[in-house]
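**Q** Build me a model:
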Amino acid sequence: MASIQEAGIDRWFIGGGAEHTPESARRLVHTATRGNEGVGGVSDLKVMPLAIPGQGVRVITGSALIRSRFIGGETQTYQANIFREVEVPIAQNTTNQDRYDLVILRVEDPHAAGSAYPKPALELLADEQYIYVRVISGVSATTTRIQQVVGHENDTAITLGRIKIPAMKGTIDNITGTITDLRKVAQPMSERVVRAINLTEAGTGYKQITNTGAYPTGGQTWPAEAESAGILDIDIPEWATYMAYTITWSQLFVGPKDGAGNVFGGMWLQVGATIDPDVWRGQLSNWDIAEKAGGHTMTMRVADTAYIKPELRGKTKRFFPRVNLQGGSAVNAPSVNWASSFDLDVTFKQTAA
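**A** Numbering: from 1, shown residues only. Below is the predicted model of the structure:
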């Protein structure tokens with residue numbers, strides 16, 4: 001019978017004392033995770049300033065998947081856990097220009113094929129760390145991956161963050177922009193929710209935009225059917241950190257009732273009732289109807305990608321399509337009617353935060 005090397009076939013897991021190699025385990029991880037790499041969860045391995053700002057940063061606890069880039073190891077993935085916060089020194093910038101450093105998590109496996117890392121002494125083999133947080137100094141201000149850096153193209157590593165060290169300084173603090181988060185979640189979750197209201201079926205009559213209350217607390221829910229319990233009540237996943245949403249109002253009727261007259265207003269998404277302490281409102285977009293004689297139809301749409309604050313995660317919230325009237329010939333504002341329809345499309349995303 002042929003050996004593993006002779007047959008060119010590896011396996012996991014066979015009993016009876018069959019030998020299983022480190023490569024076998026790493027191939028299992030690679031297959032199970034579809035070759036993805038990155039941090040395990042949205043808060044894992046985040047680069048933060050020291051508790052007392054100084055010449056260094058800290059990497060908080062968490063796990064990671066790191067795809068092998070060693071020769072012959074392309075279908076293997078390493079798994080790493082940092083279970084105690086790591087402090088990493090950052091060299092002072094002694095030049096008169098800003099400097100950028102990358103913080104990475106790198107596998108330094110001396111046993112991998114083609115590895116240039118030295119093997120530890122025999123007595124240290126079992127307890128050697130092999131995976132380290134490293135700092136690569138003097139990279140471009142636009143670098144987002146260690147593999148973009150000359151000389152590191154084949155590093156078996158993931159990038160955690162980029163640090164900006166101002167000219168003639170060394171202290172890393174909480175100032176926005178000093179630390180750029182470059183983590184990627186290895187296997188991010190995603191969930192899409194689509195809700196639609198056919199206003200023909202709902203028997204809707206002409207309902208115009210009339211509320212002149214200012215964004216963000218004013219306006220009206222439009223169409224009014226969106227107020228009904230259950231129709232736009234959505235479960236926000238506990239793991240969701242961002243959402244991409246689109247609201248579309250279709251086949252809206254536009255008069256005009258007094259000949260021709262420009263009219264304009266706003267539209268936005270509101271999550272939660274106005275009286276809720278954790279109510280959230282998306283950015284304001286605008287609708288605008290130019291002067292045009294005779295009745296016609298139009299479509300309105302608002303879309304955005306937004307951060308989901310922690311207070312909303314894991315809760316069921318009503319998603320309100322909100323509009324207002326800001327100016328112009330009010331009698332010419334658009335109306336929903338029996339021919340109109342409405343849909344809300346939300347994709348929840350798990351992104352490092």
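**Q** And the residue nearest the centre of the protein?
**A** residue 351 (2.9 Å; C-alpha atoms, centre = their mean).
**Q** my read is that residue is in a helix, agree?
**A** No. Looking at residue 351 with DSSP: H, G, I helix; E, B strand; the rest coil, it is coil, so not inside a helix.
**Q** wait, what's in contact with it?
**A** Contact partners of residue 351, counting by C-beta atoms under 8 Å, 6 or more residues apart in numbering, are 42, 185, 188, 241, 242. Placement of C-beta: from N, CA and C, glycine included.
**Q** Closest one to residue 79 out of these, please.
**A** Distance to residue 79 across the contacts of residue 351 (C-beta to C-beta) is lowest for residue 185, with 14.7 Å.
**Q** Check which residues of stretch 160-168 are buried.
**A** For stretch 160-168, a neighbour-count test (16 or more other C-beta atoms under 10 Å) marks 160, 161, 162, 163, 164, 165 as buried.
**Q** Quick one: the strands in the stretch 51-200 of the chain, in order.
**A** Secondary structure of the stretch 51-200 of the chain, counting by DSSP state E, counting those that start in this stretch: strands at 56-59, 62-67, 77-82, 86-89, 99-107, 131-137, 157-165, 179-181, 190-198.
**Q** helices and strands around the first one, which ones?
**A** With contacts defined as 3 or more C-beta pairs under 8 Å, 6 or more residues apart in numbering; DSSP states H and E, the secondary structure elements packing on strand 56-59 are strand 47-49, strand 86-89, strand 99-107, strand 157-165.
**Q** What strands flank the first one, and is each parallel or antiparallel?
**A** What it means is strand 47-49. strand 56-59 (antiparallel) (DSSP bridges).
**Q** Then the second one?
**A** Strand pairing for strand 86-89, using DSSP bridges, gives strand 56-59 (antiparallel).
**Q** what distance separates the partner strand from the centre of its chain?
**A** Centroid separation for strand 56-59 versus its chain: 23 Å, with C-alpha atoms, centre = their mean, to the nearest Å.
**Q** what do you get for stretch 166-180?
**A** Distance, centroid of stretch 166-180 to centroid of chain: 24 Å (C-alpha atoms, centre = their mean).
**Q** State the mean pLDDT of that stretch.
**A** Taken as a whole, stretch 166-180 has a mean pLDDT of 84.
**Q** Could you list the buried residues of it?
**A** By 16+ other C-beta under 10 Å, the buried positions in stretch 166-180 come out as 170, 171, 172, 178, 179, 180.
**Q** likewise stretch 65-82?
**A** 65, 66, 67, 68, 69, 70, 73, 76, 77, 78, 80, 82.
**Q** and it, how far out from the chain's middle?
**A** On C-alpha atoms, centre = their mean, the centre of stretch 65-82 falls 23 Å from the chain's centre.
**Q** Repeat that for stretch 77-92.
**A** On C-alpha atoms, centre = their mean, the centre of stretch 77-92 falls 22 Å from the chain's centre.
**Q** bridging residues for residue 181?
**A** Beta-bridge partners, per DSSP bridges, of residue 181: residue 161.
**Q** about what we covered before: for the helices and strands packed on strand 56-59, which one sits closest to residue 221?
**A** strand 47-49 (40.7 Å).
**Q** List the contacts of that closest one.
**A** Under the contact criterion C-beta under 8 Å, 6+ apart, strand 47-49 has outside partners 57-60, 103, 160-161, 163, 172-174, 178-179, 181.
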